Structures are given as structure tokens and as C-alpha cells.
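*Asks:* sequence and computational prediction follow.
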Amino acid sequence: MKKPPFLKEKPLAFFSMIAVVTGILLLSSCTGTGSSKELSAADSLKGLKDFYIDYFPVGVAVSPRSLQGENGNSLRSILTV
């Protein structure tokens, strides 16, 4: 199989050029136009459950053993809203 002229003379330069062009194209496609909403001071104190409350119920999985004893009392007071 015969190699093209650009691969015969300087194959490393050719592949380096391809890598640079690919990198430039990838970086230029990153526009950064995602969600750039500024958070207020009140929003910064919210947890995930507060942000996603309208989308789906957020909860925790707790075993019955975790709800026993002194730790269970404090967990029940936290989890019961």
C-alpha cells in the first residue's frame, strides 16, 4: 500500500497538526452558555431537597435499627417535618 505524500515526508507533523486542529475545534464549541443563574444568599443556604421539591420527592432510607435508642430519637426529630 502506497502512503500519501504528506505521510511520507513528515508523519509526526501531520498528526500533530490534526491534534491541534481537533483541540481548537473542541474548545471553540464550548460556549459556556449553560445555566449561569446567580444564587442569592437565601438560595445558598438551601439544600438539594429545596431545589428539587417540585420535580420529585426527595427522602432518605433509614433502617428500623437506626431509629432505635438515643440516635433514633434525634433522627426522628430531624426526619419528621
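*Replies:* Perfect, thanks for sending it.
*Asks:* separation between residue 44 and residue 38?
*Replies:* Going from residue 44 to residue 38 by C-beta to C-beta, to the nearest Å gives 10 Å. In short, each C-beta sits where N, CA and C put it, glycine included.
*Asks:* ok, residue 27 next?
*Replies:* Residue 27 is 25 Å from residue 38, by C-beta to C-beta.
*Asks:* try residue 48
*Replies:* With distances taken as C-beta to C-beta, residue 48 is found 19 Å from residue 38.
*Asks:* higher neighbour count, these two?
*Replies:* residue 48 (8 against 5; other C-beta atoms under 10 Å).
*Asks:* check what pLDDT the more buried one gets.
*Replies:* Looking at residue 48, its pLDDT is 78.
*Asks:* quick check: phi and psi at residue 23.
*Replies:* Main-chain torsions, residue 23, degrees, to the nearest 10: phi -60, psi -40.
*Asks:* so residue 42: helix, strand or coil?
*Replies:* Counting by DSSP: H, G, I helix; E, B strand; the rest coil, the backbone at residue 42 sits in helix.
*Asks:* tell me how far it lies from residue 15.
*Replies:* As for residue 42, its distance to residue 15 is 53 Å (criterion: C-beta to C-beta).
*Asks:* the two: which is more packed in?
*Replies:* residue 15 (11 against 8).
*Asks:* what about the more buried one, distance to residue 72?
*Replies:* When residue 15 is compared with residue 72 (using C-beta to C-beta), they lie 63 Å apart.
*Asks:* same check, this time on residue 40
*Replies:* For residue 40, the distance to residue 72 - C-beta to C-beta - is 36 Å.
*Asks:* mind checking which of those two has more residues around it?
*Replies:* Shown here are residue 40 and residue 72; by other C-beta under 10 Å, residue 72 has more neighbours (14 against 9).
*Asks:* tell me the secondary structure for the more buried one?
*Replies:* Secondary structure, three-state DSSP: residue 72 is helix.
*Asks:* list the contacts for it?
*Replies:* Neighbouring residues of residue 72 by C-beta atoms under 8 Å, 6 or more residues apart in numbering: residue 66.
*Asks:* what do you get for residue 62?
*Replies:* Going by C-beta under 8 Å, 6+ apart, residue 62 touches 75, 79.
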